[in-house]
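Trainee: let me see the structure of the following:
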Amino acid sequence: MEEKNIARKGERKGLKAWLPVLGLTFATFIFNTSEFVPIGLLSDIAGSFGITESQTGMMITIYAWVVALASLPLMLVFAKTENKRLMLSITALFVASHIFSAVAGDFYMLMISRIGVACAHAIFWSMVTPFAVRIAPEGKQAAALSMVICGSSVAMILGLPLGRTIGLMLGWRATFMVIAVVAALILAAMAVLLPKTPSDSSISLRKLPALIKSPALRNIYLVTVIAITGHFTSYSYIEPFLGQAAGLGENMITIVLTLFGIVGLICSFLFSRRYSGRPAGYVMFAVCGMCISMLMLAPAAMTPVTAVMLCVFWAFAINFYNLIFQSEIIRCAPRGTAVAMSIYSGIYNVGIGGGALIGGYVCSGLSVSFVGYVGGAIAFVAAAVSLKYLLPALKAGNPDLMSD
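Mentor: Model (predicted):
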């Protein structure tokens, strides 16, 4: 009854009905820009502190693992906090942490400031998609989900390339300061736009075993940790790979990173109109597409054209992956979605951190040219698990998972 009242209050005509979701979309944009901008500035940050790129890559690993470890505990602590208040609080922490990043005197101070960002990130990604679905106009939940995920794509189109460009022109510190300023503006906008919405989490620590017992969720989590580890083994070092192995210039690398975001917009559009709860084909395209893309990364680097074409295909695979798996978690855990999503976010970031770490070892022990082969081999395991275990579990589903 309470959720229906919230929906009715949000029912306005035209643009006003979408303004709260738009606020969350902008928040997604800036959070994702911050998460991935170090990938585009890896060489610059390394040069600033006189360390290697693989050592700098530890910043990505530690950030991701803090998110992984903090997501579930923090979400349980704040599970009953009103959604607007929690969203504004974590965005304020995000702003402050980026100011500290911009003035970091050494790599360790930068790491500490990034841990602050990671704690904000841990809660943000646990709540943003279920929050968006709740405040969406009635009957537009799928569109709201696509819209918020679209913020991630826009981060790749505008945020990451602009952050990289600012970093190359003015230094990486300027990039972090600009992110802080933009985030402060988004914070002010959300304070006006977001409705007060009680937490929808009906799950406590004693109910967590029910999540793990769900075959669908259990296999989503398993495939995610494997597939995302493979993806970030390669993607964390895409900037040095495209420069050293494919011979692309700085401007062309920026364009390739932008293409990942443009493709994400296309995927969001297709998903909102074509998905309709039919995961099988999309799941296999996403996971197998990631595997093929990474295995073919080094051969495609023989020419700039084939390298760019392969990256576009890879972008379709990873963007569909992100849309499908978040949608399936919301479907399989309609009650306690925020906690189910926090587990997913934590596991996803285990993959990010593990992939960045493995990729760093590959770069230092072999060569950056081999990151695609290693990442592709890991993703192959994810594809096999998807085919044997995940698809049957998703077909069975469990929409009443968290019912009392």
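
Trainee: measure Gly230 to Met169 for me?
Mentor: With distances taken as CB to CB, to the nearest Å, Gly230 is found 33 Å from Met169. For every residue, glycine as well, the C-beta is placed using N, CA and C.

Trainee: more neighbours: which of the two?
Mentor: Gly230 (30 against 9; other CB atoms under 10 Å).

Trainee: for the helix or strand that contains that one, buried residues please.
Mentor: For Gly230, the host element (DSSP states H and E) is helix 215-235. Neighbour counts over helix 215-235 (16 or more other CB atoms under 10 Å) mark 215-217, 219-235 as buried.

Trainee: tell me the pLDDT at Tyr282?
Mentor: At Tyr282, the model reports a pLDDT of 77.

Trainee: if I look at it, how far off is Val66?
Mentor: Counting by CB to CB, the gap from Tyr282 to Val66 is 31 Å.

Trainee: same thing with Ala120?
Mentor: Separation of Ala120 from Val66 (CB to CB): 11 Å.

Trainee: more crowded one of those two?
Mentor: Between Ala120 and Val66, Ala120 has the larger neighbour count (other CB under 10 Å), namely 25 against 21.

Trainee: if I look at that one, how far off is Ser152?
Mentor: 16 Å.

Trainee: same deal with Ala118?
Mentor: 17 Å.

Trainee: and what of Gly355?
Mentor: Taken as CB to CB, the span from Gly355 to Ser152 is 17 Å.

Trainee: looking at the two, which is more packed in?
Mentor: The residue with more neighbours, out of Gly355 and Ser152, is Gly355; 29 against 26, by other CB under 10 Å.

Trainee: that one sits in which helix or strand?
Mentor: helix 337-365.

Trainee: could you tell me the angle between that helix and helix 215-235?
Mentor: 30 degrees (axes from the mean of the first three to the mean of the last three CA atoms, to 10 degrees).

Trainee: moving C-terminal from helix 337-365, which element do we reach first?
Mentor: That would be, after helix 337-365 and using DSSP H and E, helix 371-385.

Trainee: counting by contacts, list what that following helix packs against.
Mentor: Applying 3 or more CB pairs under 8 Å, 6 or more residues apart in numbering; DSSP states H and E, one finds that helix 371-385 contacts helix 215-235, helix 279-295, helix 297-300, helix 337-365.

Trainee: contact partners of stretch 151-166?
Mentor: 24-33, 36-37, 39-41, 174-175, 178-179, 254-255, 257-258, 260-265, 267-268, 319, 322 (CB atoms under 8 Å, 6 or more residues apart in numbering).

Trainee: ok, now with 6 Å
Mentor: The contact list for stretch 151-166, computed with CB atoms under 6 Å, 6 or more residues apart in numbering, reads 25, 28-29, 32-33, 36-37, 40, 174-175, 178, 254, 257-258, 260-262, 264-265.

Trainee: can you check stretch 97-110 too?
Mentor: Identification of contacts with stretch 97-110 by CB under 6 Å, 6+ apart yields 49, 113, 116-117, 173, 176-177, 179-180.

Trainee: at 8 Å instead, please
Mentor: Counting by CB under 8 Å, 6+ apart, 34, 45, 49, 51, 56, 59, 112-114, 116-117, 120, 173-174, 176-177, 179-180, 183 sit against stretch 97-110.

Trainee: before we move on, what about stretch 30-38?
Mentor: 45, 56, 59-60, 63, 94, 98, 117, 120-121, 124-125, 151-152, 155-156, 159-160, 163-164, 167, 175, 179, 182-183, 186.

Trainee: between Ala120 and Val66, which contacts overlap?
Mentor: By CB under 8 Å, 6+ apart, no residue touches both Ala120 and Val66.

Trainee: before we move on, back to that, buried subset of the contacts of stretch 151-166?
Mentor: 25, 28-29, 32-33, 36-37, 40, 175, 178, 254, 257-258, 260-262, 264-265.

Trainee: which non-adjacent residue is nearest Pro20?
Mentor: Spatially, and ignoring its direct neighbours in sequence, Pro20 is nearest to Ile135 (4.7 Å; CB to CB, 6 or more residues apart in numbering).

Trainee: and what of Arg114?
Mentor: Spatial nearest neighbour of Arg114, excluding adjacent residues (CB to CB, 6+ apart): Tyr63 at 5.1 Å.

Trainee: next, the angle helix 337-365 makes with the helix or strand harbouring the one you found.
Mentor: Per DSSP H and E, Tyr63 falls inside helix 58-77. Here the directions of helix 58-77 and helix 337-365 differ by 170 degrees (the same axes, to 10 degrees).

Trainee: residues making contact with helix 58-77?
Mentor: 35, 38-39, 45, 107, 110-111, 114-115, 117-119, 121-123, 125-127, 201, 204-205, 232, 236, 338-339, 342-343, 345-354, 356-357, 360.

Trainee: and the buried ones among the residues you listed, selectable in ChimeraX?
Mentor: Applying 16+ other CB under 10 Å to the contacts of helix 58-77, the buried members can be selected in ChimeraX as follows:
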select :35,38,39,45,107,110,111,114,115,117,118,119,121,122,123,125,126,127,201,232,236,338,339,342,343,345,346,347,348,349,350,351,352,353,354,356,357,360
